[in-house]
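Asker: Have a look; sequence and predicted model below, questions after that.
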Amino acid sequence: MRLENRAVSDVQGTILMHNVADAQGKRTLKKGIRLEREHLAQLAESGRSTVEVAVLEADDVHEDDAVLALAEAMQTEGLFHSRPAGGRVNLRTTLDGLLEVDAERLIAVNMLPGFALATRRQHTVLGPGQDTDNVATLKIVPYAVGRSDLDRALEWANARPGIIEVRSFQQGRRVAMLFVAEESAQERTRNQYLPPTQARLAPLGASVVAIEAVGQDEAAIAGTAAKLASEADLLIIAGQTSVIHEDDTTLRALRQAGAETTLSGAPVEPGNLLALAYFPDTPVMCAPGCAKGLKRNVVDLVLPRLLLGDRLQRRDIAALGLGGFLTAAERAGDIT
């Protein structure tokens, strides 16, 4: 695509670069339109003898054609796109699930001249009560892009898994809860953690199916945790005191029961006192104290992924530190 300043009589078939207004400042011609014979009189009436236009080369692809081709290539299960307008389409979904974005391919597309792909945050929960309509927006910035650049973008977009995927939540996932506290504090601990946990699980297609409470006894924790883990898809342990060390009684008990403890501590505030462990078939989340509230915290970042079967390692949690300081504004919308 090349830009030229042409005589009004010689612009038919080119693309108008800038809006045109009449003497009162009212727009009469919109930038980006393909100029046809009927537009020439309007240009002349505006007092212009010349106008800046874009002239497409033989290997150029018009913005709407290019953005439509790329949007169609990016469609995966549950994704659909809007009609192209002004070189833009929005990608949308009706699924309840977790947004997964291939960051490397997204960056590669955006490195191409004239391409702009923006998504919602990685691992955004999409579902009931959420703003789930728009997942991403794709824009061709100039009025056309080169065929070779579009072909490269299409190659990346056609690969599977897609640049953008929505992983649907599986309905009926079973969650067990184990409360670790002195006998006198067990009911209070249960009442603090259970309601917000149930509220978090419901949009993710999961529910609490088993509940136990034990004291700060390593053998009792080990035996009860192993039993609950065998009955559920996820075990959540919440205590009178959160886990603060890899050799904490609760983590020792989990290792005694045959679980692998992978993490104690997370670079997310609120939620530093998160711990994770894994039985062969069941993940275990030791919840921090902030799980007693509904405001957004580390639990909201890891719970959906655990329910989808992700085996989160230390590096996965370490990466949450980028953006992990959740401000009041980010926490303002509770999860109900």
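Answerer: Yep, it's here.
Asker: Only C-alpha atoms from now on, for both contacts and neighbour counts.
Answerer: Noted.
Asker: Mind listing what's buried along the helix or strand hosting residue 152?
Answerer: In this assignment (DSSP states H and E), residue 152 forms part of helix 147-158. Under the neighbour-count criterion of 16 or more other C-alpha atoms under 10 Å, helix 147-158 has 149, 150, 153, 154, 156, 157, 158 buried.
Asker: Spatially, what comes nearest to the last one if we skip its sequence neighbours?
Answerer: Looking back up the chat, that one is residue 158. Distance criterion C-alpha to C-alpha, 6 or more residues apart in numbering; nearest residue to residue 158, sequence neighbours excluded, is residue 73 at 5.2 Å.
Asker: got the phi/psi numbers for the one you found?
Answerer: Dihedral angles of residue 73 (phi, psi; degrees, to the nearest 10) stand at phi -70, psi -30.
Asker: ok, back up a step: which elements pack onto the helix holding residue 152?
Answerer: helix 63-74, helix 103-111 (3 or more C-alpha pairs under 8 Å, 6 or more residues apart in numbering; DSSP states H and E).
Asker: who touches it?
Answerer: Contact with helix 147-158 is made by 59-61, 66, 69-70, 73-74, 105, 109, 112-113, 163, as judged by C-alpha atoms under 8 Å, 6 or more residues apart in numbering.
Asker: And the residues you listed, which of them are buried?
Answerer: Among the contacts of helix 147-158, those buried by neighbour count (16+ other C-alpha under 10 Å) are 60, 61, 66, 69, 70, 73, 74, 105, 109, 163.
Asker: Report the two of those residues separated the most.
Answerer: 60 and 163 (24.2 Å; C-alpha to C-alpha).
Asker: Need the contact partners of the longest helix seen in the chain.
Answerer: Ordering each helix of the chain by length in residues (DSSP state H) puts helix 186-201 first. Under the contact criterion C-alpha under 8 Å, 6+ apart, helix 186-201 has outside partners 179-181, 207-208, 213-214, 238-240, 291-294, 300, 335-336.
Asker: so how far is it from its chain's centroid?
Answerer: From the chain centre to the centre of helix 186-201 is a distance of 27 Å (C-alpha atoms, centre = their mean, to the nearest Å).
Asker: What residues sit buried inside that helix?
Answerer: So for helix 186-201, counting by 16+ other C-alpha under 10 Å, buried means 186, 189, 190, 192, 193, 194, 196, 197, 200, 201.
Asker: Also stretch 308-320?
Answerer: 308, 312, 317, 320.
Asker: Could the C-alpha coordinates of stretch 163-182 be exported in PDB?
Answerer: Written as PDB, here are the backbone C-alpha positions of stretch 163-182 (Å, rounded to 0.1, in the frame of the first residue of the first chain):
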ATOM      1  CA  ILE A 163      -3.900 -19.000  19.700                       C
ATOM      2  CA  ILE A 164      -7.000 -18.500  21.800                       C
ATOM      3  CA  GLU A 165      -8.800 -21.500  23.400                       C
ATOM      4  CA  VAL A 166     -11.700 -21.600  25.900                       C
ATOM      5  CA  ARG A 167     -11.300 -24.700  28.200                       C
ATOM      6  CA  SER A 168     -14.800 -25.600  29.300                       C
ATOM      7  CA  PHE A 169     -15.400 -26.300  32.900                       C
ATOM      8  CA  GLN A 170     -16.500 -29.900  33.600                       C
ATOM      9  CA  GLN A 171     -19.800 -30.000  35.500                       C
ATOM     10  CA  GLY A 172     -20.100 -32.100  38.600                       C
ATOM     11  CA  ARG A 173     -16.500 -31.900  39.800                       C
ATOM     12  CA  ARG A 174     -16.300 -33.100  43.400                       C
ATOM     13  CA  VAL A 175     -14.500 -31.100  46.000                       C
ATOM     14  CA  ALA A 176     -13.700 -32.300  49.600                       C
ATOM     15  CA  MET A 177     -12.800 -30.000  52.400                       C
ATOM     16  CA  LEU A 178     -10.700 -30.700  55.500                       C
ATOM     17  CA  PHE A 179     -10.600 -28.300  58.300                       C
ATOM     18  CA  VAL A 180      -7.600 -28.400  60.600                       C
ATOM     19  CA  ALA A 181      -8.200 -26.700  63.900                       C
ATOM     20  CA  GLU A 182      -8.500 -27.300  67.700                       C
END
